[in-house]
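Q: Need the 3D shape of this:
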Amino acid sequence: MARTVLVVEDDSNIAELLRLYLEKEGYHLLAAADGNKGVELFRTAAPDLVLLDVMLPGLDGWGVLRAIRQSAQTPVIMLTAKGETADKVAGLKMGADDYITKPFEMKEVLARVEAVLRRGGLPEETPRKRLSYDKLVVDLDSFELIVDGKKVDTPPKEMELLYHLASSPNRVYTRNQLLDEVWGFDYFGDSRTVDVHIKRLREKLEGVSPQWCLKTVWGVGYKFELTTA
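A: Below is the predicted model:
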C-alpha cells in the first residue's frame, strides 16, 4: 500500500511539482493550500508524512505543526523561503523532523522524505528500482547495468534515462518530456542532450537481445520497445 504524504503549500506551482514527483515515486498525495485545511486533512486522513510550508494563509506553518504535535508524532518536513539558522532551530525545537529551504531541487526533497520515513521506523514499502529483461538488468538502487551477464560502466544520467524508458515499455516519450522527467524541470539544456545519451546507450545495448531495443520514433522521440521475438 502506498504511503500518504500531505502537502500543505499555498503556492500552486510548488504543490503541483511536489505532486508530480512524489506520485511518480509511488506515494499517495493529499494537498491543502492553507493551514486550517491542512490540519483538517491531517486529522481525517492520518498521512505518513507532512510537507509543510511555513508561510501560509490563515493558520501558519508553526500553528499547523503545533496542532499536529498535540496528537501525533507523524514526520513533518518544513518548507520555507527563509534560510536563517534561528528559523531552522525554532522549527526543530517545535518538533519538525527536517527543514528544506526554497528554492529546492526535487531530488533533495525525495531523498529527505525517504530518510525521514526511515528514521521514523515505518516499514520499507518502496519497491526496489530494478528492472530485468532478456540479457538486461537495470538496477538504479546500485546504479549497475548488467548486459548479457556483464557489468557495464554507465554514467548515472544514462542509467536514469534507460531506467525511465524501460519502466514504461512501448511508451513513447518526447525529448522535452525526458528532459523534464529525467533531468528535472529546472534543467536548462536542450533536446540534443537526450540524443547524445541515447546514442551512448545504444553503443552499449544494440544487438544484445531480439526481445527489446531503444527505438527512435521519428518526429516524436524515443521508446524502450518490447518486440514479439
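Q: Check the burial of residue 227 by counting its neighbours.
A: 11 (other Cβ atoms under 10 Å). Where C-beta positions appear, they are placed from N, C-alpha and C, glycine not excepted.
Q: so residue 201 sits right up against residue 214, yeah?
A: Yes. Using Cβ atoms under 8 Å, residue 201 makes contact with residue 214 at a distance of 6.0 Å.
Q: any common contacting residues for those two?
A: Counting by Cβ atoms under 8 Å, 6 or more residues apart in numbering, the contacts common to residue 201 and residue 214 are residue 162.
Q: Going along the chain, name the helices of this structure.
A: Assigned by DSSP state H, the chain shows helices spanning 12-24, 35-45, 61-69, 85-93, 106-119, 156-167, 175-178, 192-205.
Q: count of neighbours near residue 181?
A: Residue 181: 16 neighbours (other Cβ under 10 Å).
Q: tell me the pLDDT at it?
A: At residue 181, the pLDDT value in this model is 84.
Q: how many other residues sit next to residue 175?
A: A total of 17 residues lie near residue 175 under the criterion other Cβ under 10 Å.
Q: That one is in contact with residue 197, isn't it?
A: No. Assessed by Cβ under 8 Å, residue 175 is found out of contact with residue 197, at 10.5 Å.
Q: give me the low-pLDDT residue ranges for this structure?
A: Residues of the chain that meet the criterion pLDDT under 70 lie in 1, 82-88, 120-128, 185-189, 228-229.
Q: could you redo the last one with a cut-off of 80?
A: The chain contains residues with pLDDT under 80 at 1-2, 81-93, 119-129, 184-191, 228-229.
Q: before we move on, back to that, so which of the helices of the chain gets nearest residue 54?
A: Between residue 54 and the helices of the chain, the shortest separation by Cβ to Cβ is 3.8 Å, and it involves helix 61-69.
Q: got the contact list for residue 48?
A: The neighbours of residue 48, taking Cβ under 8 Å, 6+ apart as the test, are 3-5, 74-75, 117, 122.
Q: Give me the buried entries from the residues you listed.
A: Among these, those classed as buried by 16 or more other Cβ atoms under 10 Å are 3, 5, 74-75, 117.
Q: and the residues you listed, which of them are in strands?
A: residue 5 (DSSP state E).
Q: Now the phi/psi pair for residue 10, please.
A: In terms of degrees, to the nearest 10, the main-chain angles of residue 10 are phi -90, psi -10.
Q: tell me the contacts of the nearest residue to it once chain neighbours are set aside?
A: Using Cβ to Cβ, 6 or more residues apart in numbering and skipping the chain neighbours, the partner closest in space to residue 10 is residue 33 (4.9 Å). Residues near residue 33 by Cβ under 8 Å, 6+ apart: 8-10, 12, 15, 57.
Q: What's the PyMOL syntax to select whichever of the residues you listed are buried?
A: Applied in PyMOL, the following selects the buried portion of the contacts of residue 33 according to 16+ other Cβ under 10 Å:
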select buried, resi 8+9+10+15
